[in-house]
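A.B. asks: Here is my input, please return the structure:
(2 chains)
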Amino acid sequence: MPILLHDTLAGQKRELTTLEPGAVGLYACGPTVYDFAHLGHARCYVVWDVVVRHLRARGYRVKYVRNFTDVDDKIIARANQRGEDPVALAARFSDAFHQDLDALGCLRPDAEPRVSGHIPEIVELIGLLVQKGYAYAPGNGDVYFSVRKFPEYGKLSRRNLDDLLAGARVDPGEAKQDPLDFALWKGAKPGEPRWPSPWGEGRPGWHIECSAMTRKHLGDRFDLHTGGKDLVFPHHTNEIAQSVCACGDGLHADQYARHWMHNGFVEIDDEKMSKSLGNFFTVRQVLERYDAEGLRLFLLGTHYRRDFNFSDQVLGEAELRLGYLYETLEKADRLAAGTAPAAGDTLLERCRAALDDDFNTPQVLGLLAEAFTAANTLCDLKGKKTPEQRAALAAFAAAARTVGETLGLLGRTPGAALLALRTRAAARRGIDGVVVEARLAERAAARKARDFARSDAIRDELLAGGVAIMDGPEGTTWKVAG
RNA sequence: GGCACCGUCGCCAAGUGGUAAGGCAAGGGUCUGCAAAACCCUUAUUCCCCGGUUCGAAUCCGGGCGGUGCCUCCA
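C.D. replies: Okay, here's the model as predicted:
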């Protein structure tokens, strides 16, 4: 089964082809670590996590590389502001980034290179570009890439040089031959971190780091490069130019990464969420109030290429939905206990097929929805279940969990997840579980005495406080009302 | 201004030539002491508008209208 993906370079859906059969080298542009991860980061790294998981489920050996940009203007500015060492500040926020993504159930990449650890590789790559005549050092300590020497410059972002020229800007102190040229190396300014180089002390420009790190960890060419769609220009456009000129034939834009995938934005009130606009929620802010797995389900509810608007309402719905999924699994587990799964269940393969087609997670969730409804129908049938029914439920539960594994969902035991979800929801509503349990005990006594007036009064009172109760054969349970 | 993307039920959201998935909400029902949960049924002859191509279009083409993004740091 081929994997189809929307390839930015091709401008359309294409079949994934790899340099080496059965293996994928994947590079995801990582964060610049000067602050906590926000929901935009959460979205894209959850998506790339699903891409990695699905490719592996389809039998590919994936080498997943994601960098930390730890040398950068903003990091330096933030560090100076706080009187902290830039590299130390970056290390602090990369730790926080790990915590947040771990909480969201993202697998750690196979390699997580940092700019600060790849200066020699960067210097070497710049040297190669200078030597081949694609880059020049005007003598002010900077080194620039000569954009007009790469014929396919702008292919990824579908721009031509003349259009770009209108918006081009040259900062004072720069010595570009052409306004569109960009810095590979920036001469050191006072108070900035610096490393030695043939062109004097300084630090790497923004784009060269990724070219150097992909080269070191994945080779001169590799299979798949991903990132937010805001990186298409200039970052990825420049990366291609550098790498193709340094390591490829200097002519063709496809001689770096074979495929490019870009994710859409998370928005607030229909505006892009970004650090510079200041309209962002950090992952940890959201996780104070909501369940991490619920957030993950929410993020996967929209196809990765689309923008989507963050809202408390939809996030809350996703968390309730997660509760439903676990409740169903719990029932199915109970009824199917000790039964071998029936053969012939197609849920897993249908979900895999949906992921094969450009990682269509919303479609997978739709397929799961139908399967969960069907499973609930089976569970709710009156009377003792037949062996066939129990086997069907066992097959359902197994398939659902396997799909869940690829999505990074449904990995908890239902009981634990449901308790955690209820605790979370109760905290949001200011509900004290101990008080609820006490009232439920009173109500149980009333019901035993068939004092339904009193029992219903307690129920109404609890419901008014946001507590919904369910009477079952094994006693009364409660949850936070949706 | 240039280049992209997007506009599908009250809300969220798949579907990119073959006759509108799914979720939430809403209404009716089963179950229940009554409820809740769960399940069942119902809810877009229609996909921003106008033309065109086609046996057939939400899907392709042209033109509008509306929104967003990139062109400067950004996932």
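
A.B. asks: Write out the residues of the stretch 101-250 of chain A neighbouring RNA strand B.
C.D. replies: Proximity of the stretch 101-250 of chain A to RNA strand B (Cβ under 7 Å from any atom of the strand) is limited to residues A:157-159, A:163-164, A:166-169, A:206, A:227-235. All C-beta atoms are positioned from the backbone trio N, CA, C, and that covers glycine.

A.B. asks: what about A:I75, neighbour count?
C.D. replies: 23 (other Cβ atoms under 10 Å).

A.B. asks: pLDDT score for the closest residue to it other than its chain neighbours?
C.D. replies: Of all residues not flanking A:I75 in the chain, A:Y34 sits nearest, at 4.5 Å (Cβ to Cβ, 6 or more residues apart in numbering). A:Y34 carries a pLDDT value of 95.

A.B. asks: A:Y34 and RNA strand B: what is the separation?
C.D. replies: Plainly put, A:Y34 is 8 Å away from RNA strand B if you go by Cβ to the nearest atom of the strand, to the nearest Å.

A.B. asks: mind checking which helix or strand that residue is in?
C.D. replies: In this assignment (DSSP states H and E), A:Y34 forms part of neither any helix nor any strand.

A.B. asks: Return the residues in contact with it.
C.D. replies: Taking Cβ atoms under 8 Å, 6 or more residues apart in numbering, we find A:Y34 in contact with A:D72, A:K74, A:I75, A:R78, A:A79, A:L89, A:A90, A:F93.

A.B. asks: of the residues you listed, buried ones?
C.D. replies: Buried subset of the contacts of A:Y34 (neighbour count, 16 or more other Cβ atoms under 10 Å): A:D72, A:I75, A:R78, A:A79, A:L89, A:A90, A:F93.

A.B. asks: where does the last one land in three-state SS?
C.D. replies: It refers to A:F93. For A:F93, the assignment made with DSSP: H, G, I helix; E, B strand; the rest coil gives helix.

A.B. asks: related to what we said a few turns ago, filter the residues of the stretch 101-250 of chain A next to RNA strand B to the buried ones?
C.D. replies: Neighbour counting by 16+ other Cβ under 10 Å classes A:S157, A:R159, A:L164, A:W206, A:G227, A:G228, A:K229, A:L231, A:V232, A:P234, A:H235 among these as buried.

A.B. asks: which residues does the last one contact?
C.D. replies: For A:H235, the residues meeting the contact criterion (Cβ under 8 Å, 6+ apart) are A:C29, A:W206, A:H207, A:C210, A:G227.

A.B. asks: As JSON lines, the residues you listed with secondary structure and pLDDT would be great.
C.D. replies: Shown next, in JSON lines, are those (DSSP: H, G, I helix; E, B strand; the rest coil; pLDDT from 0 to 100):
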{"residue": "A:C29", "secondary structure": "coil", "pLDDT": "97"}
{"residue": "A:W206", "secondary structure": "coil", "pLDDT": "94"}
{"residue": "A:H207", "secondary structure": "coil", "pLDDT": "96"}
{"residue": "A:C210", "secondary structure": "helix", "pLDDT": "97"}
{"residue": "A:G227", "secondary structure": "strand", "pLDDT": "97"}
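
A.B. asks: Pick out the most distant pair among these.
C.D. replies: Distance extremes for the contacts of A:H235: the farthest pair is A:W206 and A:G227 at 12.9 Å, using Cβ to Cβ.

A.B. asks: Could you list which of the buried ones among the residues of the stretch 101-250 of chain A next to RNA strand B belong to strands?
C.D. replies: Per DSSP state E, strands hold the following members of these: A:G227, A:G228.

A.B. asks: Relative to RNA strand B, which of the buried ones among the residues of the stretch 101-250 of chain A next to RNA strand B is nearest.
C.D. replies: Nearest to RNA strand B among these, counting by Cβ to the nearest atom of the strand, is A:G228 at 2.0 Å.

A.B. asks: which parts of stretch A:252-267 are buried?
C.D. replies: A:253-267.

A.B. asks: closest to A:R289 among those residues?
C.D. replies: A:V266 (16.6 Å).

A.B. asks: Okay, that closest one and RNA strand B: tell me how far apart.
C.D. replies: Distance, A:V266 to RNA strand B, using Cβ to the nearest atom of the strand: 4 Å.

A.B. asks: what's the answer for A:R459, then?
C.D. replies: Per Cβ to the nearest atom of the strand, A:R459 is found 6 Å from RNA strand B.

A.B. asks: Please apply the same query to A:R306.
C.D. replies: In terms of Cβ to the nearest atom of the strand, A:R306 sits 5 Å off from RNA strand B.

A.B. asks: For that residue, which non-adjacent residue is closest in space?
C.D. replies: A:R306 sits nearest to A:G264 (Cβ to Cβ, 6+ apart), 4.7 Å away.

A.B. asks: now that neighbour: how far from A:K272?
C.D. replies: Distance of A:G264 to A:K272, computed by Cβ to Cβ, to the nearest Å: 10 Å.

A.B. asks: do the same with A:A400
C.D. replies: Between A:A400 and A:K272 the computed distance is 35 Å (Cβ to Cβ).

A.B. asks: Specify which residue of those two has the higher count of neighbours.
C.D. replies: Taking other Cβ under 10 Å, A:A400 and A:K272 do not tie; A:A400 has more neighbours (24 against 18).

A.B. asks: Confirm that the more buried one sits in a helix.
C.D. replies: Yes - according to three-state DSSP, A:A400 belongs to a helix.

A.B. asks: isn't it right next to A:Y326, touching?
C.D. replies: No - in this structure, A:A400 is not within contact of A:Y326 by Cβ atoms under 8 Å, at 10.5 Å.

A.B. asks: any residues in contact with both of those two?
C.D. replies: Residues touching both A:A400 and A:Y326 (Cβ under 8 Å, 6+ apart): A:L410.

A.B. asks: Residues in contact with both of A:G264 and A:K272, list them for me.
C.D. replies: Common neighbours of A:G264 and A:K272, using Cβ under 8 Å, 6+ apart, are A:D307.

A.B. asks: ranges for the helices of the stretch 301-450 of chain A?
C.D. replies: A:312-336, A:347-356, A:361-380, A:387-407, A:414-429, A:433-448 (DSSP state H, counting those that start in this stretch).

A.B. asks: RNA strand B is nearest to which of those helices?
C.D. replies: helix A:361-380 (2.4 Å).

A.B. asks: Output the contacting helices and strands for the closest one.
C.D. replies: Applying 3 or more Cβ pairs under 8 Å, 6 or more residues apart in numbering; DSSP states H and E, we find helix A:361-380 packed against helix A:312-336, helix A:347-356, helix A:387-407.

A.B. asks: Switch those over to CSV; also include distance to A:E461 and mean pLDDT.
C.D. replies: Shown next, in CSV, are these (distance: least, Cβ to Cβ, whole Å; pLDDT from 0 to 100):
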stretch, distance to A:E461, mean pLDDT
helix A:312-336, 23, 95
helix A:347-356, 42, 97
helix A:387-407, 37, 96
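
A.B. asks: Brilliant, that's me finished.
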